[in-house]
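Undergrad: compute the structure for the input listed below.
(chains A, B, C and D)
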2 protein chains.
Amino acid sequence: MMLRDEQLSAGQIAERFVISRPAVSRHLRVLRDSGLVRDELVGRRRFYVLRAEPLTDLTDWIAGLTRPAGWEHRLDALETEVYRARRDHRDRAPAAPSPRRREDTA
Amino acid sequence: MMLRDEQLSAGQIAERFVISRPAVSRHLRVLRDSGLVRDELVGRRRFYVLRAEPLTDLTDWIAGLTRPAGWEHRLDALETEVYRARRDHRDRAPAAPSPRRREDTA
DNA sequence: CCGACGCGTAACCAACAGGTTACGCTTCCG
DNA sequence: CGGAAGCGTAACCTGTTGGTTACGCGTCGG
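TA: Okay, the predicted model is just below:
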């Protein structure tokens, strides 16, 4: 998936869309200002990579919509353990920008 | 949480917002047409209740953003079990506030 | 039966979103 | 050093969003 598995430059990202480069640049700025991507300037190229951590708040909120009141507390506890294990591992794993399989473009 | 745990009428929902009632009504129509709420006309009141099932696609998509490629397969499998258990229980549980569903009016 | 209530939609308007072209800044290569 | 490349922003324009008020329809109670 774009930017999750590999960093891409603004031009490479723009190539995958039919809209103009300045339009893509505007979107990237919104994403950067929201903290959803991180950018790094290398020469005249600016590389972007996904920062998905802020999405956990969103996922939690949506999960609150689907979670019936009162029930499934035990399953919730288990899910929390799963989540914690995942986060613990992520904190230890090195952030290697190692390009892998290319995801579909929406 | 509003509409997840209890059905509310349009007026009761509108009371919880500062915007005008017609504005709330417009939002409710968008939610109804999207399948995110279900409404039932009782006399001159229209009651709404959340239908969160369509959100699972969204949650899955967002999870795909946060899931690093390759890793956490075992945790994913566990999470799938949690999800399945939850769904199995939901399919068996009686739909407690069972208002009869009315077709869209639009 | 009539007035009140609940509530949805039409029409209007302002703000915003999201595209474009033009331009400018920085970096880099010949 | 100058031209090319990469890329971000300004300015502009159009369509959409999202609020408002006014109004109308269906239901209900006196």
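Undergrad: going by C-alpha atoms from here, please, whenever you check contacts or count neighbours.
TA: Will do.
Undergrad: tell me how far the ends of stretch A:33-43 are from each other?
TA: Length of stretch A:33-43, first residue to last, C-alpha to C-alpha, to the nearest Å: 21 Å.
Undergrad: an error on my part: the question was meant for stretch A:15-27.
TA: 14 Å.
Undergrad: just the buried residues of it, please?
TA: Applying a neighbour-count criterion of 16 or more other C-alpha atoms under 10 Å in any protein chain shown, one finds residue A:24 buried in stretch A:15-27.
Undergrad: what about that stretch, near DNA strand C?
TA: Yes - for a cut-off given as C-alpha under 7 Å from any atom of the strand, stretch A:15-27 has contacts with DNA strand C, namely A:18-24, A:27.
Undergrad: among these, which ones are in helices?
TA: Counting by DSSP state H, the part of the residues of stretch A:15-27 next to DNA strand C found in helices is A:21-24, A:27.
Undergrad: between the residues you listed, which sits nearest chain B?
TA: Checking these against chain B with C-alpha to the nearest C-alpha, the nearest one is residue A:27 at 17.4 Å.
Undergrad: if we can go back for a sec, make TSV out of the ones in helices among the residues of stretch A:15-27 next to DNA strand C and add pLDDT and distance to chain B.
TA: As requested, these are exported to TSV (pLDDT from 0 to 100; distance: C-alpha to the nearest C-alpha, whole Å):
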residue	pLDDT	distance to chain B
A:21	95	24
A:22	95	25
A:23	96	22
A:24	96	19
A:27	96	17
